[in-house]
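> Here you go, sequence then predicted model.
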Amino acid sequence: VLLIKGQGAKKVAFVAALVEFAIAIVATTGFNAADGSTQFELNTPWVESAGIGFHIGMDGISLLMVLLTTFLVPLIILSAFKHDYKNPNAFYALILFMQTGLIGVFVSLDAFLFYFFWEVALIPIYFIAAIWGGVNRIPVTFKFFVYTIFGSLFMLAAFVYLYFQTAGTGVAAHSSDVQAFYQLALSAESQSWIFWFLFIAFAIKMPVFPFHTWQPDTYTESPTQATMLLSGIMLKMGIYGVLRWLLPVVPMGVSQWVEVVLVLSIIGIVYASVIAIRQHDLKRLIAYSSIAHVGLIAAGIFTLNEQGLQGGVIQMLSHGINVTGLFFIIDIIYRRTNTREITSLGGITQNAKALSIFFMILLLGSVALPLTNGFVGEFLLLMGVYQYNAWFGAVAGLTIILGAVYMLRMFQGVMFGTKSEVTEAFTDLTFNEKAVLIPLVIMVFWIGLFPNTFLSISEPAVMNLLTIINR
């Protein structure tokens, strides 16, 4: 893509992303959904003398994350077709480079390989945001970079310590393989501090309160495609890291600090929802809503029961689809009106019936209306949290009520009422825009109406994870 000059880069990038999605679909057809173990495994020495291997593979959780990534990236590239970005070859090459890092994270079964891809995914998004972002992009992107590097160093320190506790095979004295980490018999004291080192790294990426302060500014200042990558896929790296590396490696540390994490997650739900209600900028409103949704996912996962874990996995899919669609709709509105201020908009539905329908469907998915994708995940998550503690479940349930308040208020202010000066000549969706939104809306109803399509893929892997945690 880098070698292609002019606007041809976007077409090549789009085709390349579609090929990746096709490969993921082929892998899905060959995946044994009843088997909770790793499939499509490749394990070859990488740094043999150090016990570091190029070990990749997928279980049901990994497969769903790979499918989400390869499904969204072509749509994100397609959503940029109407933008005339400077140096388009570099822009689209960076998106594909980031996809490489994201998929690498989701299939890595070696700690240092996981860390390598974790950092690879950070580099392109930093340049996309810093080069093509808004007016305040440099200080905002620098803050984001410092936060994530800070978290990465904590993760690396924990991995290095765990590596030296393992016993290697062959020429290596130690191993960084995931199974070697799972088999460690660490003391409760060691697990306690390792828990915090890993949790901070993953919580920053998700982000969970109070590690969230980089997120609203970064989402707002980044170009829409970067925001879609960050919210739709990249934050799932943090949640996935918890599932793959935190819960199974330090189960005693998790049990020691689980209530603290649940309290932080639930505070984040209420805090972010209340701030979202007070927002007038559309992009910042969706950014804060994302913090609230991720807070509920984190709370459900840390209950360590099947409902919470399954809810977390399915909600990662649903949130990625909904938030990508909502940010794209905000981009459509901004390109036609040159504003994201709710108070400056209004009456759009009079000129844009198709946009109104797509906007409402994605909004209803986000507020967890029954028969939409958001309902399945939030129902399972709240059931998991309620099983753990009824009071926690009651407070976490506020996410649905508060979410309906700020999302419906936003829709009313933007789409209904009298037209403003900037919406007087508003035009409806183009063919290209419908091509992005139709697949997203199909997935809203597919997950909502037929959730077992996806739950059956992740269930064996979730049960396997619970077995490792409770060993």
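Structure's in. What do you need? Numbering: from 1, shown residues only.
> The closest residue to Leu309 other than its chain neighbours - how many residues pack around it?
Distances taken as CB to CB, 6 or more residues apart in numbering place Val462 nearest to Leu309, at 4.8 Å, with adjacent residues excluded. For every residue, glycine as well, the C-beta is placed using N, CA and C. If you count neighbours by other CB atoms under 10 Å, Val462 ends up with 22.
> Val462 sits in which helix or strand?
helix 452-469 (DSSP states H and E).
> ok so Gln279 is a helix residue?
No - counting by DSSP: H, G, I helix; E, B strand; the rest coil, Gln279 is not part of a helix but coil.
> can I assume it is in contact with Ser273?
No - judged on CB atoms under 8 Å, Gln279 makes no contact with Ser273 at a distance of 10.8 Å.
> With neighbour numbers in mind, choose between the two.
Ser273 (23 against 19).
> and the gap between that one and Ile266?
Taking CB to CB, to the nearest Å as the criterion, Ser273 is separated from Ile266 by 11 Å.
> next one: Phe91
According to CB to CB, Phe91 and Ile266 sit 39 Å apart.
> what's the answer for Val250, then?
For Val250, the distance to Ile266 - CB to CB - is 22 Å.
> Give me the pLDDT for the most centrally placed residue in the chain.
Closest residue to the average C-alpha location of the chain: Lys236 at 3.1 Å, with CA atoms, centre = their mean. Here the pLDDT value assigned to Lys236 is 91.
> Identify the bridge partners of Ser108.
Beta bridges link Ser108 to Ile56, judged by DSSP bridges.
> got a list of what it touches?
Counting by CB atoms under 8 Å, 6 or more residues apart in numbering, Ser108 makes contact with 55-56, 114, 116-117.
> Averaged pLDDT, the helix holding Val462. What do you get?
Helix 452-469 comes out at a mean pLDDT of 91.
> And the contacts of that helix?
So helix 452-469 is contacted by 28, 31, 33-37, 59-64, 182, 243, 247-248, 251, 254, 304, 306, 309-310, 313-314, 317, 376, 446-447 (CB under 8 Å, 6+ apart).
> In helices, which of those residues appear?
Judged by DSSP state H, helices contain the following of those: 28, 60-64, 182, 251, 254, 306, 309-310, 313-314, 317, 376, 446-447.
> So how do I select the buried members of these in ChimeraX?
Restricted to buried positions by 16 or more other CB atoms under 10 Å, the ChimeraX selection for the ones in helices among the contacts of helix 452-469 reads:
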select :60,61,62,63,64,251,254,306,309,310,313,314,317,376,447
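> Do I have it right that Val385 meets Phe302?
No - Val385 is not in contact with Phe302 according to CB under 8 Å; the separation is 9.0 Å.
> so how far is Val444 from Leu243?
Counting by CB to CB, the gap from Leu243 to Val444 is 24 Å.
> Of the two, which one has the most company?
Each of Leu243 and Val444 has its neighbours counted (other CB under 10 Å); Val444 has more, 25 against 22.
> Can I get the helix or strand harbouring the more buried one in CSV, CA atoms only?
Assessed by DSSP H and E, Val444 sits inside helix 431-449. Only the C-alpha atoms of helix 431-449 are listed here, as CSV (Å, rounded to 0.1, in the frame of the first residue of the first chain):
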residue,chain,number,x,y,z
PHE,A,431,-24.4,4.4,-1.5
ASN,A,432,-20.9,4.2,0.0
GLU,A,433,-22.2,5.1,3.5
LYS,A,434,-25.0,2.6,3.3
ALA,A,435,-22.4,0.0,2.3
VAL,A,436,-20.7,0.6,5.6
LEU,A,437,-23.8,0.7,7.8
ILE,A,438,-25.8,-2.2,6.4
PRO,A,439,-23.4,-4.9,7.5
LEU,A,440,-23.2,-3.3,11.0
VAL,A,441,-27.0,-3.3,11.3
ILE,A,442,-27.2,-6.9,10.1
MET,A,443,-24.9,-7.9,12.9
VAL,A,444,-27.0,-5.9,15.4
PHE,A,445,-29.9,-8.2,14.7
TRP,A,446,-28.0,-11.4,14.0
ILE,A,447,-26.4,-11.3,17.5
GLY,A,448,-29.6,-10.1,19.1
LEU,A,449,-31.8,-12.8,17.5
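> chain center to the helix or strand harbouring Ala201: distance?
Secondary structure from DSSP H and E places Ala201 in helix 188-205. Its chain's C-alpha centre lies 20 Å from the corresponding centre of helix 188-205 when counted by CA atoms, centre = their mean, to the nearest Å.
> ditto for stretch 349-357
With CA atoms, centre = their mean as the basis, stretch 349-357 stands 29 Å off its chain's centre.
> Report the angle between the helix holding Val444 and helix 452-469.
Angle between the axes of helix 431-449 and helix 452-469 is 60 degrees (criterion: axes from the mean of the first three to the mean of the last three CA atoms, to 10 degrees).
> which helices and strands does helix 431-449 pack with?
helix 60-79, helix 306-337, helix 353-366, helix 373-388, helix 452-469 (3 or more CB pairs under 8 Å, 6 or more residues apart in numbering; DSSP states H and E).
> for the record, mean pLDDT for the second one?
Here helix 306-337 scores 92 as its mean pLDDT.
> going forward, begin numbering at 23 instead of 1
OK, 23 is where the count begins now, so the last one is helix 328-359.
> Just the buried residues of that helix, please?
If you call a residue buried by 16+ other CB under 10 Å, then helix 328-359 has these buried ones: 328-355, 358-359.
> for that helix, packing partners?
Applying 3+ CB pairs under 8 Å, 6+ apart, we find helix 328-359 packed against helix 82-101, helix 246-251, helix 257-263, helix 304-323, helix 375-388, helix 395-410, helix 453-471, helix 474-491.
> swap in the first one?
Applying 3+ CB pairs under 8 Å, 6+ apart, one finds that helix 82-101 contacts helix 30-51, helix 110-129, helix 246-251, helix 257-263, helix 328-359, helix 453-471, helix 474-491.
> Now the third one - C-alpha only, PDB.
Right, helix 246-251. Provided in PDB are the C-alpha atoms of helix 246-251 (Å, rounded to 0.1, in the frame of the first residue of the first chain):
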ATOM      1  CA  THR A 246     -12.800   9.100  12.800                       C
ATOM      2  CA  GLN A 247     -11.100   6.000  11.400                       C
ATOM      3  CA  ALA A 248      -8.600   6.100  14.300                       C
ATOM      4  CA  THR A 249     -11.400   6.500  16.800                       C
ATOM      5  CA  MET A 250     -13.300   3.500  15.300                       C
ATOM      6  CA  LEU A 251     -10.100   1.400  15.500                       C
END
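> Quick one: mean pLDDT over it.
So the average pLDDT for helix 246-251 ends up being 90.
> Look up how far Leu135 lies from the residue nearest to Leu331.
Distance, Val484 to Leu135, by CB to CB: 23 Å.
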